[in-house]
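Novice: please work out how this folds:
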Amino acid sequence: MIEVRGLSKRYGSLVALDAVSLDVAPGEMVVVLGPSGAGKSTLLRCINRLVQPDAGTVRIAGEAPPRDRAALRQLRAQVGMIFQDHNLVPRLSVLKNVLSGRLSHMPVWSSVLQLFGEEDLRIAHECLRRVQLDERAWSRANRLSGGQQQRVGIARALAQQPRAILADEPVASLDPKTARVVLDDLRRASHDLGIAVLCNLHQVGYALEFADRIVGIHAGAVVFDGSPKTLDEATLVRIYPGLEIAGLREEAA
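Specialist: Numbering: from 1, shown residues only. Below is the predicted model:
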């Protein structure tokens, strides 16, 4: 569903991505591990063309991102985005925030007026049920906890009915219990709905617990791509050079 080949990106003398290649299959949750500055966020932004790569190719469901803006919007509608800081509209209801994920499926005139049909409402409520927040549909978004707001962000992405989801550090600001709830929601959605999920994380333990596959990145290059079961101590040191093995063991536990 997501095919990346030889993706490279520079910012002056800084190499953000160095010929990165990876695949994500439908219904697979792939976690990208790496230290800050490794290139994880740049990778997601290049895949969704929020950033233009210098070299390499990206395909979503076999299609390369077009240069035409209208066609690019249509392709982006197939890719849901989940951000670290939720990106909700605080004063709007939870339901309205989730319904914003339906805008790409609507005619321009109805999206401007936010005239949502019965099918849009049904999909939005179903997405909220999937993250166990349907009872909070009419609450204002800013009255929810950080973890609940992130789950609304997942519901909004699911309301797009995407073929792929890109999640950039979705649990960075959450406590461990809430983080596990959010990642479990994301994994279940991936497996149940056949969505390819590419998720950036810092926490090794969460990657081992929730990923179907792990991609390790250091200095913009892939240094590991395989099952969580094969992520050994030597590989962890390649991903996080200079860190104490004991600390990595403790986090993974």
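
Novice: measure the residue minimising distance to the centre of the chain to residue 8 for me?
Specialist: Centroid-nearest residue in the chain, with CA atoms, centre = their mean: residue 167, separated by 1.5 Å. Applying CB to CB, to the nearest Å, the value for residue 167 to residue 8 is 23 Å. To be clear about C-beta, it is placed using only N, CA and C from the backbone, and glycine gets the same treatment.

Novice: check residue 208 too.
Specialist: On the measure of CB to CB, residue 208 and residue 8 end up 29 Å apart.

Novice: output the longest helix belonging to the protein.
Specialist: Longest helix in the chain, counting residues (DSSP state H): helix 176-193.

Novice: whichever helix or strand comes after that helix - contacts with which helices or strands?
Specialist: As assigned by DSSP states H and E, the chain's next helix or strand after helix 176-193 is strand 196-201. On a contact count with 3 or more CB pairs under 8 Å, 6 or more residues apart in numbering; DSSP states H and E, strand 196-201 meets strand 14-24, strand 29-33, helix 40-47, strand 164-168, helix 176-193.

Novice: how about the strands in the stretch 1-150 of the chain?
Specialist: Residue ranges of the strands in the stretch 1-150 of the chain, as given by DSSP state E, counting those that start in this stretch, are 2-11, 14-24, 29-33, 55-60, 79-82.

Novice: can I get those strands in JSON lines with mean pLDDT, distance to residue 120 and mean neighbour count?
Specialist: Formatted as JSON lines, the strands of the stretch 1-150 of the chain follow (pLDDT from 0 to 100; distance: least, CB to CB, whole Å; neighbours: other CB atoms under 10 Å):
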{"stretch": "strand 2-11", "mean pLDDT": "95", "distance to residue 120": "26", "mean neighbour count": "18"}
{"stretch": "strand 14-24", "mean pLDDT": "96", "distance to residue 120": "27", "mean neighbour count": "19"}
{"stretch": "strand 29-33", "mean pLDDT": "97", "distance to residue 120": "27", "mean neighbour count": "25"}
{"stretch": "strand 55-60", "mean pLDDT": "93", "distance to residue 120": "23", "mean neighbour count": "16"}
{"stretch": "strand 79-82", "mean pLDDT": "91", "distance to residue 120": "16", "mean neighbour count": "23"}
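
Novice: out of those strands, nearest to residue 202?
Specialist: strand 29-33 (7.6 Å; CB to CB).
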